[in-house]
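**Q** Got a predicted structure plus its sequence, pasted below:
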Amino acid sequence: VKEVIAVGLVGFGTVGSGVVRILHEHREKIRRETGCDVIVKKIVVRDMEKERAYPLHGAELTTCVEDVLEDESINVIVEVMGGIQEAKDYILRAFDAKKHVVTANKDLLAMHGEELLKAAAANGSDLYYEASVAGGIPILRGLVDGLASDRIQKVMGIVNGTTNYMLTKMTEEGMSYEDVLQEAQRLGFAESDPSADVDGLDAARKMVILSTLGFSMQVSFDDVDVQGIRSVTQKDLQLASQLGYVMKLIGTAEEKDGAVAVSVAPTLVPKSHPLAGVRNEYNAVYVYGEAVGQTMFYGPGAGQLPTATAVVSDVVTVVKHMRLGTTGKAMSFASRSKVLQEDSDIYSKYFLRVHMKDETGAFLALTKSFVQENISFDKILQLPLDDAKAEVVIVTHSTSKKQIQQVCESLDSQYMEMVSLYRVEGE
Ligand SMILES: NC(=O)c1ccc[n+]([C@@H]2O[C@H](COP(=O)([O-])OP(=O)(O)OC[C@H]3O[C@@H](n4cnc5c(N)ncnc54)[C@H](OP(=O)(O)O)[C@@H]3O)[C@@H](O)[C@H]2O)c1
């Protein structure tokens, strides 16, 4: 048994320096857990000249990844540089060299998870990636280990901190989408190109990982029905609030009769639902298991120390496997073949806003479209809009995605115009 396990770190930015710090500051605890000293031996960066915010604690800095990949004393590679192609290449080379890998890279896992998991298994290497979804929240472990004995039926997650911050500000302070985006960019919550966040792509990548683990099926990015928050308006939020709802960007993954559906969309939840209370940049994942019922995992979805904690916990897992001689493990494998639900099988309630001419026959035309699809109303609100039009807000009873699409297509344009359509979950 080795007394010292050497880690090679690729990346020394926000997360990488947090990893060095946690390994240093929690050294005693980690020694008790694993029975050995876990130290960072070498760190790969791009720029040797850059001033480093955190001390190296004895690690050697290099710009040459081979220094780490070819060092036989290094058993564990921690990839926290980000990006896809290069990171993938380094990880595959690490497996070839029979090293174990821990990564925080959701983009890479969502795109190439299957290939990486196969390469890890083929080389008897571990591959862990807890930090890739919801930063500091141990949600992947929760699904894979904590709920291992249960059948997961549904996962609903607020897994993007930027959009949750934006929607919180829009809801609570009445800010417009544009103003809150500018503020989030100024505070460093949102990137200068915010599309990965506001178009729901980042959340969709995390839902790929969550649903693959939750249902043991290899879900891919193209399987996720994605809608972002760009078109959410102040009026949508106000009307939703009047009917008792809060808007969140929610990733939903559900299994029914052996088929799964995965989506990301601005979604309304009742104000009393636990996800409604997840504010600002916080993340939460709500899991329904057949036996356990409802559970929720809540916490910081990003940030240096929360994310580094998840990374180092993965390192601890790998080191324990090394000591027990049980490596070759990854979070989980997609052991079932993938079956996706048809739109006619995906059920939910919907919130619709329609601007309707204030004329005899208009309401009849509206209800006709719903009656044709056999959809009944749960709630309805009508407010004057201007002299000639009314704002009509409808919450339907549970209906299929296909039916609601048909209703939207059949609305009589002579009398009305559809303004917005959102899913309603959690009732
Ligand atoms: N930040 C978070 O809160 C968070 C949360 C969850 C997951 N993650 C994931 O963690 C990963 C790292 O994020 P981060 O925020 O720590 O990024 P970051 O602050 O930009 O740091 C990236 C680091 O990687 C190094 N690097 C980049 N490209 C490289 C290359 N080609 N070769 C060698 N080194 C390279 C950089 O070197 P230089 O320092 O020399 O430029 C830098 O040290 C990403 O996959 C991200 O999605 C981050």
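**A** That came in fine, so what should we check first?
**Q** Under the pLDDT cut-off, which ranges of the chain? List them.
**A** Residues of the chain that meet the criterion pLDDT under 70 lie in 1-2.
**Q** near the ligand, which residues of it show up?
**A** Within the chain, the positions near the ligand by C-beta under 6 Å from any ligand atom are 11-16, 44-47, 50, 80-82, 86, 104-106, 131, 135, 302-303, 307. No exception for glycine: its C-beta is placed from N, CA and C like everyone else's.
**Q** Of the residues you listed, just the buried ones, PyMOL syntax please.
**A** Of the residues of the chain next to the ligand, the buried ones can be selected in PyMOL as follows, counting by 16 or more other C-beta atoms under 10 Å:
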select buried, resi 11+12+13+14+15+16+44+45+80+81+82+104+105+106+131+135+302+303+307
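**Q** Skipping adjacent residues, who's closest to the residue in the stretch 201-350 of the chain that the ligand sits nearest to in space?
**A** Using C-beta to the nearest ligand atom, Ala302 is the residue of the stretch 201-350 of the chain that sits closest to the ligand, at 3.4 Å. Closest residue to Ala302 apart from its sequence neighbours, by C-beta to C-beta, 6 or more residues apart in numbering: Gly135 at 4.5 Å.
**Q** separation between the residue lying closest to Ala122 once chain neighbours are set aside and Thr327?
**A** Distances taken as C-beta to C-beta, 6+ apart place Phe95 nearest to Ala122, at 7.5 Å, with adjacent residues excluded. Separation of Phe95 from Thr327 (C-beta to C-beta, to the nearest Å): 11 Å.
**Q** who has more neighbours, those two?
**A** With neighbours defined as other C-beta atoms under 10 Å, Phe95 and Thr327 compare such that Phe95 has more, 22 against 19.
**Q** Confirm the more buried one sits in a helix?
**A** Yes. Applying DSSP: H, G, I helix; E, B strand; the rest coil, one finds Phe95 inside a helix.
**Q** OK, contacts around it?
**A** The contact partners of Phe95, by C-beta atoms under 8 Å, 6 or more residues apart in numbering, come to 101, 119-120, 122-123, 125, 127.
**Q** and those, which two are the farthest apart?
**A** Val101 and Ala122 (13.2 Å; C-beta to C-beta).
**Q** got a list of contacts for stretch 28-48?
**A** Contacts of stretch 28-48 (C-beta under 8 Å, 6+ apart): 1-12, 16, 19-20, 23, 27, 56-65, 67-68, 71, 73-74, 81, 312, 315-316, 319-320, 323.
**Q** thinking again about what came up before, in a markdown table: the contacts of Phe95, plus secondary structure and neighbour count.
**A** Output for those, formatted as a markdown table (DSSP: H, G, I helix; E, B strand; the rest coil; neighbours: other C-beta atoms under 10 Å):
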| residue | secondary structure | neighbour count |
| --- | --- | --- |
| Val101 | strand | 26 |
| Ala119 | helix | 20 |
| Ala120 | helix | 23 |
| Ala122 | helix | 11 |
| Asn123 | coil | 19 |
| Ser125 | coil | 26 |
| Leu127 | strand | 26 |
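**Q** Is the most far-flung residue of the chain relative to its centre part of a helix or strand, or is it coil?
**A** Distance to the chain centre peaks in the chain at Thr360, reaching 46.7 Å (criterion: C-alpha atoms, centre = their mean). Taken by three-state DSSP, the conformation at Thr360 corresponds to coil.
**Q** Check the gap between it and the ligand for me.
**A** 57 Å (C-beta to the nearest ligand atom, to the nearest Å).
**Q** Let me see the backbone angles for that residue.
**A** Taking degrees, to the nearest 10, you get phi -60, psi 140 for the backbone angles of Thr360.
**Q** what does Arg141 give?
**A** According to degrees, to the nearest 10, Arg141 has phi -60, psi -40.
**Q** now the residue nearest to Ala122: how far from the ligand?
**A** In this structure, Phe95 and the ligand are 18 Å apart, going by C-beta to the nearest ligand atom.
**Q** nearest spatial neighbour of the residue in the chain positioned nearest to the ligand, skipping sequence neighbours?
**A** Proximity of the chain to the ligand (C-beta to the nearest ligand atom) peaks at Gly13, 1.8 Å away. Of all residues not flanking Gly13 in the chain, Val80 sits nearest, at 7.1 Å (C-beta to C-beta, 6+ apart).
**Q** looking at it, that neighbour is touching Val101, isn't it?
**A** No. Between Val80 and Val101 no contact is recorded; they are 11.2 Å apart, counting by C-beta atoms under 8 Å.
**Q** Using PDB, write out the CA atom coordinates for stretch 192-201.
**A** Extracted C-alpha coordinates of stretch 192-201, given in PDB (Å, rounded to 0.1, in the frame of the first residue of the first chain):
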ATOM      1  CA  SER A 192     -20.200  38.100 -22.000                       C
ATOM      2  CA  ASP A 193     -21.700  35.500 -24.400                       C
ATOM      3  CA  PRO A 194     -24.500  34.200 -22.200                       C
ATOM      4  CA  SER A 195     -26.100  31.800 -24.700                       C
ATOM      5  CA  ALA A 196     -24.900  28.600 -23.000                       C
ATOM      6  CA  ASP A 197     -26.800  29.700 -19.900                       C
ATOM      7  CA  VAL A 198     -29.800  31.600 -21.100                       C
ATOM      8  CA  ASP A 199     -30.600  29.300 -24.000                       C
ATOM      9  CA  GLY A 200     -30.600  26.300 -21.600                       C
ATOM     10  CA  LEU A 201     -27.700  24.500 -23.200                       C
END
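**Q** contacting residues around that stretch?
**A** Here stretch 192-201 has contacts from 160, 162-163, 166, 181, 184-185, 190-191, 202, 226-230, 249, 264-265, using C-beta under 8 Å, 6+ apart.
**Q** now with 7 Å?
**A** Residues from elsewhere that reach stretch 192-201 (C-beta atoms under 7 Å, 6 or more residues apart in numbering): 160, 162-163, 181, 185, 190, 202, 226-230, 249, 264.
**Q** Please flag which of those sit within strands.
**A** 226, 249, 264 (DSSP state E).
**Q** In contact with the last one, which residues?
**A** The reference is to Val264. Neighbour list for Val264: 200, 203-204, 207, 224, 226-227, 249, 251 [criterion: C-beta under 7 Å, 6+ apart].
**Q** does the residue nearest to Val424 when sequence neighbours are not counted sit in a helix, a strand or a coil?
**A** Excluding its sequence neighbours, the residue lying closest to Val424 (C-beta to C-beta, 6+ apart) is Lys349, at 3.9 Å. Of the three states, Lys349 takes strand according to three-state DSSP.
**Q** What is the neighbour count of Lys349?
**A** Neighbours of Lys349 using other C-beta under 10 Å come to 19.
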